[in-house]
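Trainee: okay, structure incoming, though there's no sequence with it:
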């Protein structure tokens, strides 16, 4: 990793917060220990993850998407591991590109390891992201916390989710560590686990343990998975009814509105905010990679 001055920004979407590292030419290596330290809330800048902003043509994981999406969201979990996608991250990524002058209001394509995601920057400030289609594998898991167990629905939004409906969100426990689930073989690469409670018609609240990050204030792909799981539980399938289904999802950090369309496409609408920018001390980086 280059030890010249490294610019960064800090942003959040419904308080799912990120360190943003602009690197259009993919000149930075960003090894796992550096990412993990940058995301550390006491020893670094602090964040649920890191958004590495790279032109698609400059990154080997995104070159085949460069014709459709100029920008690649090279997303990392807070522990430094690579992740396929982050829904809140796409909104914050789009907000950064707008702030930097790379894009204007309107439509935007973003390359991710979960495929190309299309965003729309509304003039009122909210950002809508087309999150793709949910895949509903038949096999689910049983999640157990403090002696209580729930059957959790398997929903894949480009990354894996297990959605459990509970009477009280406190039943999820502290969510510092991964809630035990079985069989482990359903999610060999780990899973995001959502606990969901009803708040009203097509209105739910959730908490989430994000794979590689612990409990976060919000999870965009998780909110989409929750909305789809809630719709199926409620007997609603837009592909069958021919009408969109919209659910309001309350998270600890705010509210997202999720709409599933008859063609299976899912839209997520919510805020995205840039709160700070600065420069990372290169000597601090050297202590981790030297």
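Mentor: In hand now; what should we look at? Given the structure is predicted, the values throughout are model-derived calculations rather than measurements.
Trainee: CA only for contacts and neighbour counts going forward, please
Mentor: OK.
Trainee: can you pull out the strands in the stretch 51-200 of the chain?
Mentor: 71-77, 106-112, 115-121, 127-133, 141-145, 148-156, 160-165, 181-182, 192-200 (DSSP state E, counting those that start in this stretch).
Trainee: between the ones you listed, which one is nearest to residue 281?
Mentor: Nearest to residue 281 among the strands of the stretch 51-200 of the chain is strand 71-77 (20.4 Å), distances taken as CA to CA.
Trainee: find the centremost residue of this protein, please.
Mentor: residue 86 (2.3 Å; CA atoms, centre = their mean).
Trainee: so that residue touches residue 75, yeah?
Mentor: Yes - between residue 86 and residue 75 there is a contact at 7.3 Å, judged by CA atoms under 8 Å.
Trainee: picking up where we left off before, tabulate the strands of the stretch 51-200 of the chain in CSV, adding columns for mean neighbour count and distance to residue 252.
Mentor: Formatted as CSV, the strands of the stretch 51-200 of the chain follow (neighbours: other CA atoms under 10 Å; distance: least, CA to CA, whole Å):
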stretch, mean neighbour count, distance to residue 252
strand 71-77, 26, 19
strand 106-112, 20, 26
strand 115-121, 20, 23
strand 127-133, 23, 19
strand 141-145, 18, 20
strand 148-156, 20, 21
strand 160-165, 25, 17
strand 181-182, 18, 23
strand 192-200, 21, 12
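Trainee: any chance of those strands in JSON lines, plus mean pLDDT?
Mentor: Below are these laid out as JSON lines (pLDDT from 0 to 100):
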{"stretch": "strand 71-77", "mean pLDDT": "96"}
{"stretch": "strand 106-112", "mean pLDDT": "96"}
{"stretch": "strand 115-121", "mean pLDDT": "94"}
{"stretch": "strand 127-133", "mean pLDDT": "94"}
{"stretch": "strand 141-145", "mean pLDDT": "97"}
{"stretch": "strand 148-156", "mean pLDDT": "98"}
{"stretch": "strand 160-165", "mean pLDDT": "97"}
{"stretch": "strand 181-182", "mean pLDDT": "97"}
{"stretch": "strand 192-200", "mean pLDDT": "98"}
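Trainee: including distance to residue 227, could the ones you listed go into TSV?
Mentor: Compiled in TSV, these are given as follows (distance: least, CA to CA, whole Å):
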stretch	distance to residue 227
strand 71-77	23
strand 106-112	22
strand 115-121	18
strand 127-133	12
strand 141-145	18
strand 148-156	10
strand 160-165	10
strand 181-182	21
strand 192-200	10
